[in-house]
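Enquirer: Sequence plus predicted model, see below.
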Amino acid sequence: MKTGGDMHVMVVEDDETMAATLAKGITEDGYRVTTCGAVEEALRAIDLEPPDLILLDIGLPDRSGLEVLQALRSRKSLTPVIILTARDAVRDRVKGLDAGADDYLIKPFAFAELLARIRARLRRPEVPESTLLQVDELSVDVLNRRVTRGSREIILTSQEFALLRYLVDNVGKTVSRDMIARDVWRIESRATPLDNVIDVHISHLRAKIDRGFDKELIQTVWGIGFTLKGSG
Amino acid sequence: MKTPLRLRMFFWLVALLVIFVTLQFAIFSIIEFRAWLHHPGESLRDHWMEAVMGVIWDLTTLPILIATAWWISRKMIRPIQTITLAADNIRSGHFEDRISTEPMPDDEMRRMATTINAAFDYYHDAVERLRRFSGDASHQLRTPLAAMQSVGEVALSRERQPEEYRQALANMLEEVRRMARVTDQLLRLARLERTEVSTSFVRIDVGHVLYRTVAIFQPLCDEKQVKLRLETEGECLVLGNEDLLVEMSANLLDNALRATPSGGEILLRAEVEPGGVVRVTVADTGPGIAPELAERVFELFGQVPGTRQTGAGLGLAIVAAIAKAHGGRAELNLQNTRGAVFHVRLLKTSTS
């Protein structure tokens, strides 16, 4: 089985700044990245060395990026494809998913979100989900909704518990406010003003989890979001 | 609807029949009465019966006539029902549907249906254009936004060397400039559409406008090794706004410069045409534009595919809008086989 570092992600994107940035960010997350800027080039590159996952921009200079997807699917290839596009009309989205895309991310997107989606698509079979999650001396009992840090029991509201659980599920990874809004609050639209609500909950959670301890588990990643970090 | 049109029409037809039968009975009676006057020996009652029998015969045909009336009323109403059904269908979201005029005879009804269809075409087209515009506009604004967000987030995702931060900031600023440009262009187009610019018009020499434009672009052309030629012929005076006209010719020149390879040439020319028209020509030696795309080049975001342009596809739309604001017209010369040749025709004004 391949490990993360051997996983090959192909970025098909014509905007040079965007392509270079995607390549940089994804490489730093531990993947091998190649980029192409046009449909023809992408098809040749896929033939030459089939990637494990493709990030596909739709608006390419020579033809529609959907043609890459169609060519791929007509060859019965199951390579996961995540569409990156600035077009969010429902009919565009339906067209993309109909053509066989696995996921659809609308520009602009949070980079942490992109990395999370890539991980989700490349996820290897996992150990059965545990009901007792542990980060350092913090333990979260999912079944009984009990949270303890060391010997101290922490009482959380249900919203705080959901937020903590989400952070623990993504331990060591950065999650953006957009991701929290979608996955914890179940609100998809970025037009809904939730950022302050999330910040308030984070600060409450911090007060309960981290106050009185030397090590802060919940950390702010400046300009991006939050991360829950153990020492491991 | 208390009484449907068809039922009313049917009643009118039946009323017509009743009037007809009554009149016929009256006429028969008069004829028979006159016949009796000529032959006074005969019984008046027999003559009266003749008239009654005539009408009774008439009445036996009544069922057929009523059935015909029912049929005629249906036939007359049919086109209206077709139109209503089709319009309902279109309203409920089948925007491509139209009233089928095929089964209708060439009459007023068909003309009405054709007119309604044309109106639907017009509004459908307008809505489609608007939809395309908002899609394209959001695409043009989100692409730089996406790049900015990614560049920033990737830069901040770990500790880096100062040089890397500098590079990231420079990249972000590049995207900011790109976005600012698209925003300005969209605003310019919106303003040209909304406001009456002709109130600020003064007499302007188009040759001077082209000269100013050339002066702005000369360094860029030198760098790209493209030769710039400026020709003026006659008294090219128009009523207009100089800044707007410079913006127009700058967009044309910018467009030509993108298409022209190094070593090529761009010609800017202003001349007076018969009929009181000043013609501006911008011709390049690039690959040219296929005739089938000629329609689209002046549209919003109507980029010529395959050229891998860096612009958003708004420049030529601005050219067309400025020409229109001056009562003129921008067009692509289709006769030309080598390079692209654009003309803008403006109304000439007199010296005094």
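Expert: Sure thing, it's come through.
Enquirer: longest helix of chain A?
Expert: helix A:195-209 (DSSP state H).
Enquirer: and residue B:217, what helix or strand is that in?
Expert: Element membership for residue B:217 (DSSP states H and E) is helix B:206-224.
Enquirer: so what pLDDT did the spatially closest residue to residue A:133 that is not a sequence neighbour get?
Expert: Using Cβ to Cβ, 6 or more residues apart in numbering or on different chains and skipping residues adjacent in sequence, the residue nearest residue A:133 is residue A:140, 4.4 Å away. The C-beta positions use only the backbone N, C-alpha and C, and glycine is treated the same way. As predicted, residue A:140 sits at a pLDDT of 90.
Enquirer: Could you count how many residues lie near residue A:140?
Expert: Residue A:140 has 24 neighbours, counted by other Cβ atoms under 10 Å in any protein chain shown.
Enquirer: so where does it fall, helix or strand?
Expert: strand A:138-141.
Enquirer: Now do that strand: which elements does it pack against?
Expert: Judged by 3 or more Cβ pairs under 8 Å, 6 or more residues apart in numbering or on different chains; DSSP states H and E, strand A:138-141 is in contact with strand A:132-135, strand A:146-149, helix A:158-169.
Enquirer: tell me what the second one is packed against?
Expert: Packed against strand A:146-149, as judged by 3+ Cβ pairs under 8 Å, 6+ apart, are the following elements: strand A:138-141, strand A:152-154.
Enquirer: Serialize these to TSV and add fields for distance to residue B:153.
Expert: Below are the helices and strands packed on strand A:146-149 laid out as TSV (distance: least, Cβ to Cβ, whole Å):
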stretch	distance to residue B:153
strand A:138-141	27
strand A:152-154	31
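Enquirer: is it fair to say residue B:229 lies in a helix?
Expert: No. Going by DSSP: H, G, I helix; E, B strand; the rest coil, the assignment for residue B:229 is strand, not a helix.
Enquirer: what separates the helix holding residue B:217 from the chain centre, distance-wise?
Expert: 35 Å (Cα atoms, centre = their mean, to the nearest Å).
Enquirer: Give me the contact list for it.
Expert: Helix B:206-224 has contacts (Cβ atoms under 8 Å, 6 or more residues apart in numbering or on different chains) with B:227-228, B:230, B:232, B:236-238, B:242, B:245-246, B:249-250, B:253-254, B:257, B:260, B:262, B:266, B:268-270, B:278, B:280, B:346.
Enquirer: What residue in chain A is the furthest from its centre?
Expert: residue A:151 (33.2 Å; Cα atoms, centre = their mean).
Enquirer: Which residue ranges of the chain form helices?
Expert: Chain wasn't specified; assuming chain A. Under DSSP H, chain A gives helices at A:16-28, A:39-48, A:66-74, A:90-98, A:111-121, A:158-169, A:177-183, A:195-209.
Enquirer: could you do chain B instead?
Expert: According to DSSP H, the helices that chain B contains are B:5-38, B:44-60, B:62-91, B:108-156, B:162-194, B:206-224, B:242-259, B:315-325.
Enquirer: what pLDDT does the closest residue to residue B:99 other than its chain neighbours get?
Expert: Using Cβ to Cβ, 6+ apart and skipping the chain neighbours, the partner closest in space to residue B:99 is residue B:86 (4.1 Å). Looking at residue B:86, its pLDDT reads 89.
Enquirer: ok, now the one 5 residues further on?
Expert: Each residue has a pLDDT score; the one for residue B:91 is 87.
Enquirer: That one: neighbour count?
Expert: The local packing of residue B:91 (other Cβ under 10 Å) involves 10 other residues.
Enquirer: Just give me the neighbour total for residue 34.
Expert: This is for chain A. That count, for residue A:34 with other Cβ under 10 Å as the rule, works out to 16.
Enquirer: if you could check chain B rather than the one you did, that'd help
Expert: Neighbour count for residue B:34, taken as other Cβ under 10 Å: 10.
Enquirer: Same question for residue B:196.
Expert: Neighbours of residue B:196 (other Cβ under 10 Å): 7.
Enquirer: Would you mind listing the buried residues in the worst-scoring helix or strand of chain A on mean pLDDT?
Expert: Lowest on mean pLDDT, DSSP states H and E among the helices and strands of chain A sits helix A:90-98, with a mean of 81. By 16 or more other Cβ atoms under 10 Å in any protein chain shown, the buried positions in helix A:90-98 come out as A:92, A:93, A:95, A:96.
Enquirer: what's the angle between that helix and helix B:108-156?
Expert: Inter-element angle recorded for helix A:90-98 and helix B:108-156: 70 degrees (by axes from the mean of the first three to the mean of the last three Cα atoms, to 10 degrees).
Enquirer: So which elements touch helix A:90-98?
Expert: Counting contacts by 3+ Cβ pairs under 8 Å, 6+ apart, helix A:90-98 packs against helix A:66-74, strand A:81-85, strand A:103-106.
Enquirer: picking up where we left off before, how about the helices and strands packed on strand A:146-149, which one is nearest residue B:107?
Expert: Closest to residue B:107 of the helices and strands packed on strand A:146-149, according to Cβ to Cβ: strand A:138-141, at 79.0 Å.
Enquirer: Enumerate the positions of the closest one that are buried.
Expert: For strand A:138-141, a neighbour-count test (16+ other Cβ under 10 Å) marks A:138, A:140 as buried.
Enquirer: Distance from the chain centre to that strand, please.
Expert: Relative to its chain's centre, strand A:138-141 lies at 23 Å (Cα atoms, centre = their mean).
Enquirer: who touches it?
Expert: Residues outside strand A:138-141 that contact it (Cβ under 8 Å, 6+ apart): A:131-134, A:146-149, A:164-165, A:168, A:209, A:217, A:230.
Enquirer: what about 7 Å?
Expert: Residues outside strand A:138-141 that contact it (Cβ atoms under 7 Å, 6 or more residues apart in numbering or on different chains) are A:131, A:132, A:133, A:147, A:148, A:149, A:164, A:165, A:168, A:209, A:217.
Enquirer: what do you get for stretch A:24-34?
Expert: The contact list for stretch A:24-34 (Cβ under 7 Å, 6+ apart) reads A:4-11, A:23, A:45, A:111, A:115, A:118, B:150, B:154, B:157-158.
Enquirer: Now do residue B:159 against chain A, distance only.
Expert: Distance of residue B:159 to chain A, given as Cβ to the nearest Cβ, to the nearest Å: 12 Å.
Enquirer: Need the phi and psi values for the closest residue to residue A:38 other than its chain neighbours.
Expert: The shortest distance from residue A:38 to any non-neighbouring residue, by Cβ to Cβ, 6+ apart, is to residue A:62 (4.7 Å). The phi/psi pair for residue A:62 (degrees, to the nearest 10) reads phi -80, psi -50.
Enquirer: count of neighbours near residue A:62?
Expert: When neighbours are defined as other Cβ under 10 Å, residue A:62 has 16 of them.
Enquirer: follow-up on the earlier one: tell me which of the helices of chain A sits nearest to residue B:75.
Expert: helix A:90-98 (41.3 Å).
Enquirer: Can I get that closest one as CSV, trimmed to CA atoms?
Expert: Extracted in CSV, the C-alpha atoms of helix A:90-98 (Å, rounded to 0.1, in the frame of the first residue of the first chain):
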residue,chain,number,x,y,z
VAL,A,90,-26.6,24.5,-9.8
ARG,A,91,-26.6,23.4,-13.4
ASP,A,92,-22.8,23.6,-13.6
ARG,A,93,-22.5,21.5,-10.4
VAL,A,94,-24.9,18.9,-11.7
LYS,A,95,-23.0,18.8,-15.0
GLY,A,96,-19.7,18.1,-13.2
LEU,A,97,-21.1,15.5,-10.9
ASP,A,98,-23.0,13.8,-13.8
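Enquirer: rewinding a little: list only those of the contacts of helix B:206-224 flagged as buried.
Expert: B:228, B:230, B:232, B:236-238, B:242, B:245-246, B:249-250, B:253-254, B:257, B:260, B:266, B:268-270, B:278, B:280, B:346.
Enquirer: average pLDDT across stretch A:172-180?
Expert: Averaged across stretch A:172-180, the pLDDT comes to 88.
Enquirer: Return it as PDB; C-alpha atoms alone will do.
Expert: Output of stretch A:172-180 as PDB, limited to C-alpha atoms (Å, rounded to 0.1, in the frame of the first residue of the first chain):
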ATOM      1  CA  GLY A 172      -3.200  17.700  14.200                       C
ATOM      2  CA  LYS A 173      -4.900  19.200  11.100                       C
ATOM      3  CA  THR A 174      -6.000  22.800  10.600                       C
ATOM      4  CA  VAL A 175      -9.800  23.300  10.200                       C
ATOM      5  CA  SER A 176     -11.100  26.600   8.800                       C
ATOM      6  CA  ARG A 177     -14.200  28.500   9.900                       C
ATOM      7  CA  ASP A 178     -15.900  27.500   6.600                       C
ATOM      8  CA  MET A 179     -15.300  23.800   7.400                       C
ATOM      9  CA  ILE A 180     -16.600  24.200  11.000                       C
END
